[in-house]
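Undergrad: need a 3D model of the sequence below.
(4 chains)
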Number of protein chains: 2
Amino acid sequence: MANIRDVADSAGVSVATVSRTLQQPERVSPKTRSKVMAAVEAVGYRPNLMAVKFRSGKTHNLVVLVPTVANVFFARVISGMQEAAAELGYSILLANTLGNADIEQHYAKMVTTSQADGLIQLRAHNPFDASVINDNGLLPMVNACEVIDDGQYPVVSLDNRAAAKAMTEHLIGLGHTRIAMVKGPDSSPLTQERLCGYKDALRDADIAFDEQLLFPGDFTLQAGYHAGETISTLANRPTAVFCENDETAIGAMQAFKQANLRIPDDISVAGFDDIAFSAFVDPPLTTIAQPAEEFGRTSVTLLVDLLNGKIRKAPKVIMPFELIVRESTGTISTRE
Amino acid sequence: MANIRDVADSAGVSVATVSRTLQQPERVSPKTRSKVMAAVEAVGYRPNLMAVKFRSGKTHNLVVLVPTVANVFFARVISGMQEAAAELGYSILLANTLGNADIEQHYAKMVTTSQADGLIQLRAHNPFDASVINDNGLLPMVNACEVIDDGQYPVVSLDNRAAAKAMTEHLIGLGHTRIAMVKGPDSSPLTQERLCGYKDALRDADIAFDEQLLFPGDFTLQAGYHAGETISTLANRPTAVFCENDETAIGAMQAFKQANLRIPDDISVAGFDDIAFSAFVDPPLTTIAQPAEEFGRTSVTLLVDLLNGKIRKAPKVIMPFELIVRESTGTISTRE
DNA sequence: CTGCAAAATGTAACCGATTTCATTTTTTAA
DNA sequence: TTAAAAAATGAAATCGGTTACATTTTGCAG
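TA: Take a look at the predicted model:
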């Protein structure tokens, strides 16, 4: 692989001149410039950006820790990140952690070992072990989607509580009073926040909260299906089910159909995220739309600002949500 | 950020000794070793891996060009890659190209500028421009899923023709003779290969190929829906529709339902890929399962072998497929 | 034509690790 | 006790760029 010295020799100039020709062409004479450019072509020079990054101490790489790229919502977030990163001259190092602490550690270490400038974490979990944090103070991290809101790091999130409340109110508005909820993992703050919003709405409507109407889930189709099966067989079946994400809702809908329940006549189903599939299931799913791509773009922008010292104290960005009413929710059937 | 010299000073040894302590502990005396380890702790040393990679000339980074991470099939492939890469000590640099040539170029250049050791391309397109190829001969690339089969690069693919033939035969076996096909982009070799398989099966069954039964698509839900709408209104409607991927099939199913067509009584629908959603739509989708994660794992393994010079000539790995018969395909309804 | 400022170019240090080769210290055998 | 061999350690080169500083060349005014 030809290096800058080869170019310099071939052009009969010094390496400094070559470097200048490529970085600040106006600083070299036109004659030299063309001589150098010709030499670059002649020897097939490609700069070793590893060397550049090493010397500059700036990698222009950003690590993104995503629980799973198989989650359609995250896929959209990532697209947004990629876009913003490209514009700002950064590359995304995507870590599909799959909930595996080792993988998470491995990629997080890229920041502490100068392989990346910063990190975006999409889970509510600090990937840096204590020793690192104590040694170096805060690390360049932005926390998005599912956040730890301790004011330490910049945060990009949704008002999940308000969104869940809005959805629950929508269901209440349709006349439902027995509204089940299929949760995410209890360890996830998302689950907690959305549960709070659900309770808020019930309280406001003077509907007693019933622990029995909560069903466990983990944001997968399978979990939704399983919850749906359980709910189908219930003696005093709820008339509406609010699922904490669309995958879960789609899984549950499938179970209801197999139990010969009509949606929404027998049971209303609502999701969260507005993934592409939601509009193409039968019936189309009522859900909460999140600006997923915008989450990604904002996270990247924020992180780059942080890296450039443009941020004093950790900002908290709350993204807007939108209630998307489709056909999976409706009034209680009179035929019951 | 503490560097190796700080450690050396703190421990009262040379940098060489520090390096050896960390790389080959058995080469230093136990006394020195503990002294150095203590110093490492004391100064909070984290090796600058950028420097290491620069010097060694090996980045242990692999670039992956994926058309879109929003495609659920690719999401699975990526998971497999990440897994294999982690095991082999490599990191994945994921480029969500979104069909954008600039992004593709940007990431491909990471290989030619020493920022990554190799590249995996999931599209049938050589991302390196001619100049690079001419200068350096073949670049370390593996082509997977949608491949350019010119024998230049290692390839990991499916026998798409055979798979499409198998699916078409399944439909013919159910009694269908008017079988529509919703294609992918015509520019994609996948489209071509699957179309060939479709024709193969028709020919074997002495069914005339009808150009009118081909519908354009681009692997999205929207395209499937659109094709489905068109097909619904056809005078001489086909009794089965073979879609070139699951997203398309799910989109088409939605259109059929809205046109009050029963699946599979009025029309059978088949997909390709066996994404997770396929089992959770109504009715569950008949499709071709591809070992997506295995695609990813194999691609990475192959690329690493290539990098280590363990490969003489470009191998061609054909992955197995499986016909998954669910409920979206059936015999023609007698009620017609 | 001379002198000086500005422009162009070159020399060499530097980034942080690894590694070769040289040197010192320790161990072993005579 | 001493010489030779082995082990431990250190000094310095190296990877490929960038850049501060030094030097040379050019341009222009007097």
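
Undergrad: where does A:Gln222 land on pLDDT?
TA: As predicted, A:Gln222 sits at a pLDDT of 96.

Undergrad: gap between the nearest residue to it once chain neighbours are set aside and B:Glu247?
TA: Leaving aside its sequence neighbours, A:Gln222 sits nearest to A:Gly251 (C-beta to C-beta, 6 or more residues apart in numbering or on different chains; 6.3 Å). Yep, even glycine has a C-beta here, placed from its N, CA and C like the rest. According to C-beta to C-beta, to the nearest Å, A:Gly251 stands 18 Å off from B:Glu247.

Undergrad: ditto for A:Phe73
TA: For A:Phe73 relative to B:Glu247 (C-beta to C-beta), the value is 16 Å.

Undergrad: more neighbours: which of the two?
TA: Neighbours per residue (other C-beta atoms under 10 Å in any protein chain shown) separate A:Phe73 from B:Glu247, with B:Glu247 holding more: 31 against 22.

Undergrad: that one: which element?
TA: helix B:246-258 (DSSP states H and E).

Undergrad: again, but for A:Val241
TA: Here A:Val241 is assigned to strand A:240-243, by DSSP H and E.

Undergrad: how much space is there between A:Phe209 and A:Ile332?
TA: The gap separating A:Phe209 from A:Ile332 is 20 Å, by C-beta to C-beta.

Undergrad: more neighbours: which of the two?
TA: A:Ile332 (18 against 12).

Undergrad: please identify the helix or strand for the spatially closest residue to A:Leu214 that is not a sequence neighbour.
TA: Nearest non-adjacent residue to A:Leu214, counting by C-beta to C-beta, 6+ apart: A:Met181, 5.4 Å away. Remark: A:Met181 resides in strand A:179-182, with elements defined by DSSP H and E.

Undergrad: so what does that strand touch, helix or strand wise?
TA: Other helices and strands packing on strand A:179-182, by 3 or more C-beta pairs under 8 Å, 6 or more residues apart in numbering or on different chains; DSSP states H and E, are helix A:160-173, helix A:189-204, strand A:214-215, helix A:221-232, strand A:240-243, helix A:246-258.

Undergrad: rewinding a little: what is the burial count for the residue nearest to A:Leu214?
TA: 24.

Undergrad: per-residue confidence for it?
TA: pLDDT, read off for A:Met181, is 98.

Undergrad: could you do A:Thr334 as well?
TA: pLDDT, read off for A:Thr334, is 55.

Undergrad: if we can go back for a sec, can you pull the contacts of the residue nearest to A:Leu214?
TA: A:Arg194, A:Leu195, A:Tyr198, A:Leu213, A:Leu214, A:Phe215, A:Val241, A:Phe242, A:Cys243, A:Glu244 (C-beta atoms under 8 Å, 6 or more residues apart in numbering or on different chains).

Undergrad: once you drop chain neighbours, what's closest to the fourth one?
TA: This points to A:Leu213. A:Ala180 (4.4 Å).

Undergrad: what residues sit buried inside stretch A:208-225?
TA: A:Leu213, A:Leu214, A:Phe215, A:Gly217, A:Asp218, A:Phe219, A:Thr220, A:Leu221, A:Ala223, A:Gly224, A:Tyr225 (16 or more other C-beta atoms under 10 Å in any protein chain shown).

Undergrad: can you check stretch A:295-313 too?
TA: So for stretch A:295-313, counting by 16+ other C-beta under 10 Å, buried means A:295-304, A:306-307, A:311.

Undergrad: number of residues surrounding A:Asp129?
TA: 12.

Undergrad: what's downstream of the lowest-mean-pLDDT helix or strand in chain A, the next helix or strand?
TA: Least confident helix or strand, chain A: helix A:130-136 with a mean of 57, by mean pLDDT, DSSP states H and E. Note on helix A:130-136: by DSSP H and E, the next helix or strand toward the C-terminus is strand A:141-144.
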